[in-house]
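Participant: Fold the following.
(chains A, B, C and D)
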There are 2 protein chains.
Amino acid sequence: MTPDRLKEIRGIDLFKNISDRSFASLTQAAYAQNFPPNVELITEGDPSDFLYIVISGSVELFANWDKNETTLATVWPVSSFILAATINKGPYLMSARTGEKSLIVMLPSEDVRQTFENDPEFAKSIVSELAEYYRAGIRHAKGLKLRTSKERLANYLIKTGKKNDGATQFLLKYEKRRLASYLGMTPENLSRAFASLKELGVRVDGQKVSLDNMPALIEFAKPTALIDG
Amino acid sequence: MTPDRLKEIRGIDLFKNISDRSFASLTQAAYAQNFPPNVELITEGDPSDFLYIVISGSVELFANWDKNETTLATVWPVSSFILAATINKGPYLMSARTGEKSLIVMLPSEDVRQTFENDPEFAKSIVSELAEYYRAGIRHAKGLKLRTSKERLANYLIKTGKKNDGATQFLLKYEKRRLASYLGMTPENLSRAFASLKELGVRVDGQKVSLDNMPALIEFAKPTALIDG
DNA sequence: AAGCTTATTTGACAATTATCAAGTTAGAGT
DNA sequence: ACTCTAACTTGATAATTGTCAAATAAGCTT
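Facilitator: Alright, predicted model coming up:
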């Protein structure tokens, strides 16, 4: 791997505080690889041989069961995925595929576990990371169990607006069918949910979204930090 | 706290490997308390002042949003809950109430974080614990998104049977309305799901359940380790 | 054991969500 | 720009799930 790339990886929360020695042994056998869009990187059930890091592009984490498929998360640069499986030596619980052309770094799981054993700072970083993942998972489950799909969409839009510096206009970060899957509904249902949010000032044109009546939308969606982070 | 009680706590995974010194400082300001059933121990949104440990009884973790409530997990002895919030100094994302008369130990969060900083073994144990929690959360979300409520119930029954040494007869561990909430449905829906599973050999009488046609039930439920653990 | 409260079940109905089948639109590749 | 494929939308319908109300059953208290 090139020095530039190493530096980029070093910057993520997971590696920020670890020793140079740990970082070196962690990345010693690592390698980066470019993937075209829509390539399946791992399949749920596989043994966790690598910890993955997205350098550029994006990765969709999804799962299948009996003809159904659902997106559980999307990973954006620069961050790792599949950490919990790596640490616990368990099989992956999610499959992963590139959402677009992506540069991916793979660290052998054995090295990750080794470093985890030896470098207390690394262990601490992993704790923070996992705690956040876990809490994100709780939030996701709360949304699914407490809200209707229309409410989930409304809150997603509000949240996305906030992330874009509170802009009332922004672009959806990914395809609608993936958004639908992430929000736990079918594409048809998402389409209808968008249509029915029109009366709350939600306009959609392709990937462009504008929220023209924020107060009304918020009153309907009832966002809360305890679900929407 | 009594020596007996301390010993009991020392035995859980989280504390098994930590130094005596760490354990002492962790429990130095801890205290145990008996609670009657149905007492709310914490409320979502509260700052995380304590790490809790269930010594006996049980604790339900739940959340509310706009008139709706849902159970996210039930904690059985002897284990901790609310660890992620404690570590990340975030507000609790779930409320907790006793499901029955329960003995609860409370460790000041500050002490937990202190020990986490100083004892690498504790950090490692926390990692394993959080990784497992996280994975349990993923499984829960997968079940909710990929399965119907009837399928979730069928799988829950199969799993519970397995936990009871593969018994085809067992007692439900908690009330049906809580089971319903945990499985993401209303009590009425649970009742009907049970009724409709009758043709797959599921008999229910109060808390007693018997699974008289396991092959048929399994064929319908399609359990998998990637969701049902 | 009687009485009271709460949990569970059942029925009728409504809301939500999914499925299937066309259309329409948008985007990628040539 | 053209073609082709895939994504998205819309309509019609079905399945799933929730709500409300009432009846029954179970558990607790006295």
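
Participant: count of residues packed around A:Glu151?
Facilitator: 19 (other CB atoms under 10 Å in any protein chain shown). C-beta: built from backbone N, CA, C; applies to glycine.

Participant: domain ranges for chain A?
Facilitator: Annotated domains of chain A cover A:3-144, A:148-228 [automatic domain parsing].

Participant: Mind checking these for the one nearest to DNA strand D?
Facilitator: DNA strand D lies closest to domain A:148-228 among the domains of chain A, at 3.3 Å (CB to the nearest atom of the strand).

Participant: what is the mean pLDDT for the closest one?
Facilitator: Per-residue pLDDT values across domain A:148-228 average out to 96.

Participant: can you check stretch A:97-107 too?
Facilitator: The model assigns stretch A:97-107 a mean pLDDT of 93.

Participant: so how far does that stretch reach from one end to the other?
Facilitator: The first and final residues of stretch A:97-107 sit 17 Å from each other (CA to CA, to the nearest Å).

Participant: now what about that stretch, what contacts it?
Facilitator: With contacts defined as CB atoms under 8 Å, 6 or more residues apart in numbering or on different chains, stretch A:97-107 is touched by A:1, A:5, A:9, A:26-27, A:29-41, A:50-60, A:62, A:74, A:174, A:178.

Participant: Restricted to strands, list those residues.
Facilitator: Among those, the members found in strands (DSSP state E) are A:31-35, A:40-41, A:50-56, A:59-60, A:62, A:74.

Participant: Check those one by one and keep those near chain B.
Facilitator: On the criterion CB under 8 Å from any CB of the partner chain, none of the entries of these sits beside chain B.

Participant: follow-up on the earlier one: could I have the buried ones of the contacts of stretch A:97-107 as ChimeraX selection syntax?
Facilitator: Of the contacts of stretch A:97-107, the buried ones can be selected in ChimeraX as follows, counting by 16 or more other CB atoms under 10 Å in any protein chain shown:
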select /A:5,9,26,27,30,32,35,41,50,51,52,53,54,55,57,58,59,60,62,74,174,178
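
Participant: which one of the domains of chain A is the most hemmed in?
Facilitator: Of the domains of chain A, the one with the most neighbours on average (mean count of other CB atoms under 10 Å in any protein chain shown) is domain A:3-144, at a mean of 19.

Participant: Now do the end-to-end distance for it.
Facilitator: Across domain A:3-144, first to last residue, CA to CA, it's 43 Å.

Participant: how about TSV for the domains of chain A, with distance to DNA strand D added?
Facilitator: TSV is the format used below for these (distance: least, CB to the nearest atom of the strand, whole Å):
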stretch	distance to DNA strand D
domain A:3-144	8
domain A:148-228	3
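
Participant: quick one: which of those is nearest DNA strand C?
Facilitator: Comparing the domains of chain A by CB to the nearest atom of the strand, domain A:148-228 comes nearest, at 3.5 Å.

Participant: How far away from the center of its chain is the closest one?
Facilitator: The chain centroid and the centroid of domain A:148-228 are separated by 18 Å under CA atoms, centre = their mean, to the nearest Å.

Participant: does any part of it sit near DNA strand C?
Facilitator: Yes: applying CB under 7 Å from any atom of the strand, one finds domain A:148-228 touching DNA strand C at A:Thr148, A:Ser149, A:Lys150, A:Gly184, A:Met185, A:Thr186, A:Glu188, A:Asn189, A:Arg192, A:Asp205, A:Gly206, A:Gln207.

Participant: Contacts only, for the second one.
Facilitator: Spelled out, that is A:Ser149. A:Leu183, A:Gly184, A:Met185, A:Asn189, A:Leu190, A:Ala193.

Participant: how near is A:Thr70 to A:Asn38?
Facilitator: 17 Å (CB to CB, to the nearest Å).
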